[in-house]
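Asks: sequence-free structure coming up:
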């Protein structure tokens, strides 16, 4: 009986303490409208919060609802503010809210009175190569960022929307859009020797289909014999390697994440490169 009375008293004490604690989330200061940017979350409290308590900033969905809140920053001290970071995968929206909660006691603060705007414009960037991402030695290709932004910074040091290159390698660009959001993207360029009429004929006869594809791709070269097929990502990492005895084979790409890949086809004398898109 004494034990039950003690537990009940402790419960009442906890409820009383919790009822005396509150958190008010004040107007947030958005340092960037970009997904991945920072936001300063000020708050005020009443009551006592013991050592070991965490103050956590939580982000709502794009309608301002906290059905499944996302933790974006925390503090072990009652500083009155939290410097939070918006996750990179946050969707575009202009009705986001932020609140502050505590863990001991468990208190849910009020949502901030103003809204948070999140954009992802710069993350839509893509580089295209014209005439192709595989060129003959001595030739060049033009790399262009598809959507116009405020500024460009290529790995070559260039700051224009398009650059001309003539060497194999991975070329990357950092773009800054008109809302100051940064984005990085890259493309691989291959330079082939392109010597010999027969070699050029075989190189041009390699076809890959369907492209784009989500499950399998067919590699066909009617005039080829035994060939080796390699698959690389855009940073040059080899992901697949197959040896084929026929001039038409299929490769299962269902396990690969969506994106752009480079297919290398070779018989040891000639080499062909093709771009492949996994949906």
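Replies: Looks like it arrived, so ask away. In this text, all values refer to a predicted model and were calculated from it rather than measured experimentally. Numbers count the residues shown, from 1 in each chain.
Asks: Nearest residue to residue 74 in space, please, no chain neighbours.
Replies: residue 56 (4.5 Å; Cβ to Cβ, 6 or more residues apart in numbering). No exception for glycine: its C-beta is placed from N, CA and C like everyone else's.
Asks: now that neighbour: how far from residue 25?
Replies: 11 Å (Cβ to Cβ, to the nearest Å).
Asks: contacting residues around the nearest residue to residue 178 once chain neighbours are set aside?
Replies: Once flanking residues are discounted, residue 178 sits nearest to residue 150: 5.0 Å by Cβ to Cβ, 6+ apart. Residue 150 is in contact with 176, 177, 178, 180, counting by Cβ atoms under 8 Å, 6 or more residues apart in numbering.
Asks: In this structure the second one contacts residue 145, no?
Replies: The reference is to residue 177. No. Counting by Cβ atoms under 8 Å, residue 177 does not reach residue 145; the two are 11.0 Å apart.
Asks: Nearest to residue 221 among the contacts of residue 150?
Replies: residue 177 (42.1 Å; Cβ to Cβ).
Asks: Count the residues that sit near that closest one.
Replies: Residue 177 has 22 neighbouring residues, counting by other Cβ atoms under 10 Å.
Asks: And for residue 241?
Replies: So residue 241, with other Cβ under 10 Å, has 10 neighbours.
Asks: Quickly note the distance from it to residue 229.
Replies: From residue 241 to residue 229 the distance is 7 Å (Cβ to Cβ).
Asks: and the closest residue to residue 138 other than its chain neighbours, what are its phi and psi?
Replies: Nearest residue to residue 138, sequence neighbours excluded (Cβ to Cβ, 6+ apart): residue 166, at 7.5 Å. The phi/psi pair for residue 166 (degrees, to the nearest 10) reads phi -140, psi 10.
Asks: give the contact list for residue 21.
Replies: By Cβ under 8 Å, 6+ apart, the neighbours of residue 21 are 45, 46, 47, 48, 49, 102, 105, 107.
Asks: quick one: pLDDT of the last one?
Replies: Per-residue pLDDT puts residue 107 at 96.
Asks: Same check on the fourth one?
Replies: Per-residue confidence (pLDDT) for residue 48: 93.
Asks: what's the burial count for it?
Replies: Neighbour number of residue 48 under other Cβ under 10 Å is 11.
Asks: same question, residue 158
Replies: 16.
Asks: Look up how far residue 82 lies from it.
Replies: 40 Å.
Asks: Low-confidence ranges, the stretch 151-279 of the chain, go.
Replies: Residue ranges of the stretch 151-279 of the chain with pLDDT under 70: 179, 193-205, 222-225, 234-236, 245-248, 267-270.
Asks: Helices of that one, start to end?
Replies: Using DSSP state H, counting those that start in this stretch, the helices of the stretch 151-279 of the chain run over 197-205.
Asks: tell me the contacts of the residue nearest to residue 74?
Replies: Counting by Cβ under 8 Å, 6+ apart, residue 56 has contacts 71, 73, 74, 82, 100, 101, 102, 103.
Asks: Kindly state the beta-bridge partners for it.
Replies: Beta-bridge pairing for residue 56 (DSSP bridges): residue 74, residue 101.
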